[in-house]
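Student: have a look; sequence and predicted model below, questions after that.
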Amino acid sequence: MGIRGLLLAVALLGVALLAACSPPGTNTEGEGGGGGGGGGGKEAQQVVEETTGGSMEQAVCDVPPPNISLQDAVVGFSQSEEETNPFRIAETQSIRDEAKKQDVKKLIVTNAASQINKQNSDIRDMLAQGVDILIVAPYTADGLEPAFQAAAEQNVPVFLIDREVTAEPCENYITFMGSNFYRQGQQAADLLAEATNEEAQVAILEGTPGASVTTDRQNGFVDQLDAEYPNMEVVASQTANFVRTEGQTVMEQLLQSNPDLTAVYAHNDEMALGAVQAIKDAGKTPGKDIKIVSIDGTKGAVQALANGEMNGVVESNPRFGPLAFQTIEQFLTGQPIPQNIIISDRIYTPQNAEENLDVAY
Ligand code: GZL
């Protein structure tokens with residue numbers, strides 16, 4: 001193994017270890033502020049599970065870091081969706097908390113309100129304000145190319161969190177940090193199989209069309225049903241855009257058009273909680289008449305799971321602050337950065353929900 005390979009190995013170990021045992025201060029109780037971002041100490045932190053970038057040569061983008069320290073840097077964070085979803089609240093809070101902890105010179109935060117064109121203009125505005133580094137939570141897999149190009153022209157490195165993009169790494173971004181969404185879909189299928197004794201008429205509430213997380217959570221779930229559960233049938237699948245009110249409205253419609261529905265898989269907790277309300281309004285008992293599984297790990301969903309109104313939740317941990325800034329620090333000090341840094345997520349079950357409520361967000 002050459003020196004570059006050794007450097008990469010050391011860097012990867014650093015990312016894994018530091019993310020796994022980030023100082024508790026980042027999410028210490030009470031620092032959550034804003035109603036989100038709180039939750040537990042170290043056990044709430046993200047844990048890096050795997051890093052991929054192919055061979056050593058592919059793993060290292062040949063992009064020279066700006067000659068600046070985090071403490072002298074202006075960092076821009078481009079958030080994608082409104083902060084009504086606890087995932088978004090916790091994600092932004094984690095970035096704010098860690099920027100403060102790392103004594104970053106200045107943090108600018110924008111919110112694209114679920115509009116890809118606004119996210120492009122948000123990023124351009126931050127570039128015009130002279131940001132040195134960008135952290136971006138992409139709204140959709142396509143559409144941010146103009147912003148990436150503008151950043152590259154100004155030699156501003158981009159770090160992706162939370163959702164992937166189709167644009168190539170290196171010329172557009174240094175690395176992607178996030179969950180394995182396909183596996184989350186598979187895990188949701190296993191949880192729903194457990195709750196329905198592997199026999200169900202399933203409705204799916206899908207996330208935002210065109211987002212990598214939607215595609216992967218859908219494919220993971222459907223592929224797992226096809227591979228393992230022949231008596232579980234998807235009878236309806238419709239987007240509700242990750243929004244609770246839309247989840248409720250779509251669920252109302254699906255209940256009317258599919259009276260034999262026995263199970264729901266929601267791509268996120270917000271839509272699942274909307275479905276819970278719709279099922280109640282229809283005079284049925286959520287968690288019993290109709291089993292419900294979703295993804296995120298918000299306090300609302302984990303509480304519903306503890307109450308028996310839901311049947312399983314796969315975590316998608318939004319607390320990217322420690323990992324994002326640790327990775328940026330490594331980049332600024334010339335260490336090789338893997339092109340994909342994948343975090344692991346826990347599984348909430350009816351048996352462990354109550355005891356894990358403090359980790360939910
Ligand atoms: C996952 C993130 C998803 C959440 C949803 O990383 O992109 O978007 O699971 C959110 O709650 O809308």
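Tutor: Here it is on my side, so go on. Every value quoted in this text rests on a predicted model; they were computed, and no experiment measured them.
Student: can you give me the neighbour number for the closest residue to the ligand within the stretch 251-361 of the chain?
Tutor: With Cβ to the nearest ligand atom, the shortest gap between the stretch 251-361 of the chain and the ligand falls at Asn268, namely 3.6 Å. Bear in mind the C-beta positions are built from the backbone N, C-alpha and C, glycine included. Asn268 has 29 neighbouring residues, counting by other Cβ atoms under 10 Å.
Student: does it touch Val293 like I think?
Tutor: No - Asn268 lies out of contact with Val293 (Cβ atoms under 8 Å); the separation is 11.4 Å.
Student: near the ligand at all, stretch 141-149?
Tutor: No - counting by Cβ under 6 Å from any ligand atom, the ligand has no neighbours in stretch 141-149; the shortest distance is 11.0 Å.
Student: flag every buried residue along that stretch.
Tutor: By neighbour count, with 16 or more other Cβ atoms under 10 Å as the criterion, the buried positions of stretch 141-149 are 141, 143-144, 147-148.
Student: and the helices in the chain?
Tutor: 3-20, 56-59, 86-101, 116-128, 145-153, 181-195, 212-228, 244-257, 269-281, 299-307, 321-332 (DSSP state H).
Student: is it possible to get a markdown table of the ones you listed that adds mean pLDDT?
Tutor: What follows is these, written out as a markdown table (pLDDT from 0 to 100):
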| stretch | mean pLDDT |
| --- | --- |
| helix 3-20 | 47 |
| helix 56-59 | 49 |
| helix 86-101 | 98 |
| helix 116-128 | 98 |
| helix 145-153 | 98 |
| helix 181-195 | 98 |
| helix 212-228 | 98 |
| helix 244-257 | 98 |
| helix 269-281 | 98 |
| helix 299-307 | 98 |
| helix 321-332 | 97 |
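Student: follow-up on the earlier one: kindly indicate which of the buried residues of stretch 141-149 lies nearest the ligand.
Tutor: Ala141 (11.0 Å).
Student: which bits of the stretch 51-200 of the chain sit near the ligand?
Tutor: Applying Cβ under 6 Å from any ligand atom, one finds that the stretch 51-200 of the chain approaches the ligand through 81, 85, 87, 162-163, 178-179.
Student: can you tell me the closest non-neighbouring residue to the closest residue to the ligand within the stretch 1-150 of the chain?
Tutor: Nearest residue of the stretch 1-150 of the chain to the ligand: Phe87, at 3.7 Å (Cβ to the nearest ligand atom). Among residues not flanking Phe87 along the chain, Pro318 sits closest, at 4.9 Å (Cβ to Cβ, 6 or more residues apart in numbering).
Student: tell me which residues touch that neighbour, please.
Tutor: By Cβ atoms under 8 Å, 6 or more residues apart in numbering, the contact list for Pro318 reads 87-88, 90-91, 94, 162, 361.
Student: ends of stretch 138-148, what's the gap?
Tutor: 11 Å (Cα to Cα, to the nearest Å).
Student: just give the nearest non-adjacent residue to the most centrally placed residue in the chain, would you?
Tutor: Computing the C-alpha centroid of the chain and ranking residues by Cα atoms, centre = their mean puts Asp162 first, at 4.0 Å. Excluding the flanking residues, the one nearest Asp162 by Cβ to Cβ, 6+ apart is Ala137, at 4.4 Å.
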